[in-house]
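> with the input below, show me the fold.
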Amino acid sequence: MTQITIHREEFSQFDGSTYTIDLNRPFGGYQQGDLICSVAPFYPFVPLTLEIAIRTNGDIIFRSWKFNDLANKYLHTAEVAEADKAHPFSHPFIATQAQIDTVNGLFSERLNFEGLRLPPGATLQKICPIDINKEEKITGKKIYLA
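Down below sits the predicted model:
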């Protein structure tokens, strides 16, 4: 088993003192309707990208860890939003309410993936719009936008 242990820094995207990555972890599978996303949670210190999928029921499953230099600390998708006219030959991705709720929970940090916070980026928010008022009611906390 090949593992990497990340030690907590001031702005780490996880709680606790360490986060362990299993590079041999098996692929969690594919189901029709999976919203495939990727993020580099340890950017810029470790060039490692996590790929996950948000299932139609809202569950988050593991797909892979990959070393690359195409890192982004926000969770993004290659899927195209319905209203995105910049990609006329792509088929728009229509998210389920459960997928939207999961992305909203990731945004407010009400949800995480195995202890890892995954802040949704713009491409994901186009497909799964954030409802700030709803998340504030669920979490009981004020969400401040930059």
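> low pLDDT regions in the chain?
Within the chain, the segments meeting pLDDT under 70 span 1, 83-90, 146.
> strands of that one, residue ranges please.
All strands of the chain, identified by DSSP state E, fall at 3-7, 18-22, 35-39, 48-54, 60-67, 76-77.
> list the buried residues in the fifth one.
Residues 60, 62-63, 65 are the ones in strand 60-67 that count as buried (16 or more other CB atoms under 10 Å). For every residue, glycine as well, the C-beta is placed using N, CA and C.
> which other helices and strands contact that strand?
Helices and strands touching strand 60-67, by 3 or more CB pairs under 8 Å, 6 or more residues apart in numbering; DSSP states H and E, are strand 48-54.
> I'd like to check the angle between the strand it packs on and strand 18-22, please.
80 degrees (axes from the mean of the first three to the mean of the last three CA atoms, to 10 degrees).
> need the residues that contact strand 48-54.
4, 21, 28, 30-31, 34-42, 60-68, 70-71, 75, 99, 102-103, 113, 116, 118 (CB atoms under 8 Å, 6 or more residues apart in numbering).
> what strands flank it, and is each parallel or antiparallel?
In the sheet, strand 48-54 lines up against strand 35-39 (antiparallel), strand 60-67 (antiparallel) (DSSP bridges).
> could I get those as TSV with distance to residue 93?
What follows is the strands paired with strand 48-54, written out as TSV (distance: least, CB to CB, whole Å):
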stretch	distance to residue 93
strand 35-39	7
strand 60-67	16
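> so which of those gets nearest residue 92?
strand 35-39 (12.3 Å; CB to CB).
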